[in-house]
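J.: can't give you the sequence, but here's the structure:
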DNA sequence: ATGGCTACGATCCGTAGA
C-alpha cells in the first residue's frame, strides 16, 4: 500500500495538479488538507472518475480535509470526538486493514497568541483521540500537516527559526507526546537526504533556495512501522506553475 | 528591513497561512 499526504492549499485551484499527480504517483490512499471548500463543492465526481473513493470533512474558506482511496473507505469518522471545534481538521477511515487518520493541525500564528493556545489544546485532544484509536486499531497511520518541525534538522535555518511558531519547545513536546503513544515518524525510519522539507514559503524564492520546513508527516503504529519499506517526499508538484506551498509525503507499506 | 506570495471572500482591502 502506497499512502500519501498532501496539503493542497485549495482543492479547487489544485484539482488539475492533483489528478495529474494521482495518475503519475498511483498512491492507494491520499490524505488531503486545506481543501478550503465545503463538502458539497468537493470535486467528488472527478476523483471518482480517477478511481478514488472519497471521504470528505469540508469547510468553506478555511481548513477542510479528505481521504481518497482506490479501495472502499469504511467506518468514516469526522473531527475529534468530544472536542468542540468549529474547524474541520480531522477525518478518519478504514482502508483494507489500515486505520487512517488525516489531520490538519493548527498553524498557531505566533507563540503566545490565542491561536497558539488553541494549537496546544488541539494537540492535547489529538493525543487523547489517538490513544483511543490505537487501542482499537493496532494498524494505525496518522498522516497530515502537523505544522510542527520536530527537530532542528527539519528546519532550513534553525537559528532564524529558534523559538518561533512551528519549532517552539511546547509544540515539539506536543509532537513527542504523540510519539510516546508508540507512533513512529515514518520519515526517520530510513536514512534520508539532509535538508528534506515539505513546505516552502511562497515568498522570497524560498523553494529555489530550499528554505523550507518538514512539517507534513506520516506517523505509523509499531505494526505498520514494521511493514514500512520506504518513506519519501515528492518535491515535483512544488516545481509546477501555481503550486501548493506544500509537497506530498509518502510511505510504502508491504502487505501484512 | 519582519516585507517579500497565494487563496478566499468580501470588495479593490482584510484575514490567514507558516
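T.: Happy to help now that I have it. Being a predicted model, the structure only gives us computed values, none of them experimental.

J.: The residue nearest to the spatial centre of chain A bridge partners, please.
T.: Centroid-nearest residue in chain A: residue A:144, 1.0 Å away (criterion: C-alpha atoms, centre = their mean). Judged by DSSP bridges, the bridge partners of residue A:144 are residue A:103, residue A:217.

J.: ok, it - contacts?
T.: Contact analysis of residue A:144 by C-beta atoms under 8 Å, 6 or more residues apart in numbering lists A:5, A:7, A:31, A:33, A:65, A:101-105, A:216-217. Every residue, glycine included, has its C-beta placed from N, CA and C.

J.: can you redo those as JSON lines with distance to residue A:231 and pLDDT?
T.: Below are the contacts of residue A:144 laid out as JSON lines (distance: C-beta to C-beta, whole Å; pLDDT from 0 to 100):
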{"residue": "A:5", "distance to residue A:231": "11", "pLDDT": "98"}
{"residue": "A:7", "distance to residue A:231": "17", "pLDDT": "98"}
{"residue": "A:31", "distance to residue A:231": "14", "pLDDT": "98"}
{"residue": "A:33", "distance to residue A:231": "18", "pLDDT": "98"}
{"residue": "A:65", "distance to residue A:231": "21", "pLDDT": "98"}
{"residue": "A:101", "distance to residue A:231": "17", "pLDDT": "98"}
{"residue": "A:102", "distance to residue A:231": "17", "pLDDT": "98"}
{"residue": "A:103", "distance to residue A:231": "17", "pLDDT": "98"}
{"residue": "A:104", "distance to residue A:231": "20", "pLDDT": "98"}
{"residue": "A:105", "distance to residue A:231": "19", "pLDDT": "98"}
{"residue": "A:216", "distance to residue A:231": "12", "pLDDT": "98"}
{"residue": "A:217", "distance to residue A:231": "10", "pLDDT": "98"}
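
J.: Show me which of those is closest to DNA strand B.
T.: Of all the contacts of residue A:144, the one sitting nearest DNA strand B is residue A:7; the distance, using C-beta to the nearest atom of the strand, is 5.4 Å.

J.: Number of residues surrounding that closest one?
T.: If you count neighbours by other C-beta atoms under 10 Å, residue A:7 ends up with 25.

J.: looking at it, it is touching residue A:33, isn't it?
T.: Yes - using C-beta atoms under 8 Å, residue A:7 is in contact with residue A:33, at 4.3 Å.

J.: intersection of neighbour lists for the two?
T.: Joint contacts of residue A:7 and residue A:33 (C-beta under 8 Å, 6+ apart) are A:104, A:144-145.

J.: and residue A:113, how far is that from residue A:5?
T.: 26 Å (C-beta to C-beta, to the nearest Å).

J.: go on, residue A:137?
T.: 18 Å.

J.: These two: who's more crowded?
T.: Taking neighbours as other C-beta under 10 Å, residue A:137 and residue A:5 compare with residue A:5 leading, 30 against 21.

J.: so what's that one bridging to?
T.: residue A:31, residue A:249.

J.: residues contacting it?
T.: Taking C-beta under 8 Å, 6+ apart as the test, what residue A:5 contacts is A:30-33, A:102, A:143-145, A:216-218, A:248-250.

J.: Distance from stretch A:125-132 to the middle of the chain?
T.: A distance of 16 Å separates the centroid of the chain from that of stretch A:125-132, by C-alpha atoms, centre = their mean, to the nearest Å.

J.: buried stuff in it?
T.: A:125-126, A:129-130 (16 or more other C-beta atoms under 10 Å).
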